[in-house]
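Peer 1: model this:
(one chain, ligands or ions: 1)
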Amino acid sequence: MANDVGLSMVLLACAWRAWRTGDTRLSGWIVALSVVVSLWLIGYSARFAALFWTFPGVLILFFLVPPRAAIMLGLLSIAGAASLSWHELGGGEGLPFFVFTTVFTAILGFVTSQQAQHRIANWRSLSLLDPLTGIGNRRQLEFDFEQLGAWGREGVIAALDLDHFKRINDECGHETGDAVLRTWASTVQAELRRSDRLYRLGGEEFLLWMPDIDTAQAEAVFQRLRTATSERVKVNGRSVTCSAGAIRIQPGENWQQALARADEALYEAKQAGRDRLVLAAG
Ligand SMILES: Nc1nc2c(ncn2[C@@H]2O[C@H](COP(=O)(O)OP(=O)(O)OP(=O)(O)O)[C@@H](O)[C@H]2O)c(=O)[nH]1
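Peer 2: A predicted model of the protein is given here:
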């Protein structure tokens, strides 16, 4: 009885924490360990019942922790239940049957959880990545913004835009335009740090988020991007250029406000003749 109450409290607390924080990792580990401990306790006190509880136990482990950990914990559960219910297994006569059926149940858990993971990854890439360039889209930006607790840190936001892109489309066709966007996105990404994030918000509108950087460093990054763009992004042998408007993230500012300010700076860069960065004051 005390075990049941204890386990129920742990499960409830884990479910509440996972719901509140959206983080299922720690809760998954706690529940997985609880499953193993509970199976051992059931085996110790109720013997025969542990044999039955092992089946759902090993199945669910694969949905709670990574596969290797689930295999280890599953083996511990099977070994615990089998040894504590040795007598009920007919002194080992029923052991092969018990081991085979629980292992097959574990394999089912593994396959099903992997399929679920695979579907989730597919869904994420379909909904959060821009299909043309493979970088994050507007939804990914919203998701990151929420997950990271607003910007969380100091940094710079830049609105990036190719110059005279319409002309490329008009003169060379839409497919060439698409290829230019793809090459440019990969060129920019190759020049960034791991912590920087590039998003395509639509059309030829890109947002670059550079955490923990000041405006002088942002200027140096843009010069690198500018050089890389003119060297690697060409149409009919002619270099393509880009413009940017950058701002320092203000405390409490959301991404829409930051982007609106960066867009104003980008507009100034376009008005001033393109192929340049404008850093907004403040
Ligand atoms: N190939 C291609 N073109 C796109 C895509 N999305 C938007 N465009 C085109 O991008 C062009 C953007 O043109 P504008 O906004 O006038 O900008 P621009 O010609 O680059 O001029 P500036 O930005 O002022 O230098 C339009 O012709 C859109 O049709 C896309 O996914 N692929």
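
Peer 1: who's in contact with the residue of the stretch 51-200 of the chain found nearest the ligand?
Peer 2: Relative to the ligand, the nearest point of the stretch 51-200 of the chain is G177 (2.6 Å; Cβ to the nearest ligand atom). The C-beta positions use only the backbone N, C-alpha and C, and glycine is treated the same way. Neighbour list for G177: 165, 168-169 [criterion: Cβ atoms under 8 Å, 6 or more residues apart in numbering].

Peer 1: F98: neighbouring residues, count only.
Peer 2: 20 (other Cβ atoms under 10 Å).

Peer 1: now do the host helix or strand of it: which elements does it pack against?
Peer 2: Under the criterion of DSSP states H and E, F98 resides in helix 95-128. Helices and strands touching helix 95-128, by 3 or more Cβ pairs under 8 Å, 6 or more residues apart in numbering; DSSP states H and E, are helix 48-64, helix 67-84, helix 138-147.

Peer 1: turn those helices into a markdown table, columns for distance to R274 and mean pLDDT.
Peer 2: Shown next, in a markdown table, are these (distance: least, Cβ to Cβ, whole Å; pLDDT from 0 to 100):
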| stretch | distance to R274 | mean pLDDT |
| --- | --- | --- |
| helix 48-64 | 53 | 87 |
| helix 67-84 | 52 | 90 |
| helix 138-147 | 24 | 84 |
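
Peer 1: would you turn those into CSV with distance to L7?
Peer 2: Shown next, in CSV, are the helices and strands packed on helix 95-128 (distance: least, Cβ to Cβ, whole Å):
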stretch, distance to L7
helix 48-64, 11
helix 67-84, 14
helix 138-147, 31
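
Peer 1: how about the nearest residue to R276, chain neighbours excluded?
Peer 2: By the measure of Cβ to Cβ, 6 or more residues apart in numbering, the closest residue to R276 outside its immediate chain neighbours is A269, 5.2 Å from it.

Peer 1: and A32, which of the helices and strands packed on helix 95-128 is closest to it?
Peer 2: A32 lies closest, by Cβ to Cβ, to one member of these: helix 48-64, at 4.2 Å.

Peer 1: centre of the chain versus the closest one, how much separation?
Peer 2: What separates the centre of helix 48-64 from the centre of its chain is 29 Å, taken as Cα atoms, centre = their mean, to the nearest Å.

Peer 1: equivalent analysis for stretch 206-216, please.
Peer 2: 20 Å.

Peer 1: re the thing from before, now name the helix or strand holding the residue nearest to R276.
Peer 2: Short version: A269 belongs to helix 255-271, going by DSSP H and E.

Peer 1: downstream of that helix, the next helix or strand is which one?
Peer 2: strand 277-279.

Peer 1: does the ligand sit close to that next one?
Peer 2: No. Taking Cβ under 6 Å from any ligand atom as the criterion, strand 277-279 and the ligand are apart, separated by no less than 13.6 Å.

Peer 1: output the contacting helices and strands for that strand.
Peer 2: helix 215-232, strand 242-248, helix 255-271.

Peer 1: tell me the buried residues in stretch 7-23?
Peer 2: Neighbour-count burial for stretch 7-23 flags 7, 10-11, 14, 18 (criterion: 16 or more other Cβ atoms under 10 Å).

Peer 1: going by distance to S83, which of those wins?
Peer 2: Nearest to S83 out of the buried residues of stretch 7-23 is L7 (Cβ to Cβ; 21.0 Å).

Peer 1: so who does the closest residue to P67 other than its chain neighbours touch?
Peer 2: Counting by Cβ to Cβ, 6+ apart, F110 is the residue found nearest to P67 once chain neighbours are left out, at 6.1 Å. F110 makes contact with 62, 67, 70-71 under the criterion Cβ under 8 Å, 6+ apart.

Peer 1: can you redo these as CSV with distance to the ligand and neighbour count?
Peer 2: Listed next are those as CSV, based on distance: Cβ to the nearest ligand atom, whole Å; neighbours: other Cβ atoms under 10 Å:
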residue, distance to the ligand, neighbour count
F62, 40, 26
P67, 39, 15
A70, 43, 23
I71, 45, 17
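
Peer 1: farthest pair in those?
Peer 2: Every pair of the contacts of F110 checked by Cβ to Cβ; the farthest is F62 and I71, at 8.7 Å.

Peer 1: in ChimeraX, how would I select the buried members of the contacts of G177?
Peer 2: Buried residues among the contacts of G177 (16+ other Cβ under 10 Å), as a ChimeraX selection:
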select :165,168,169
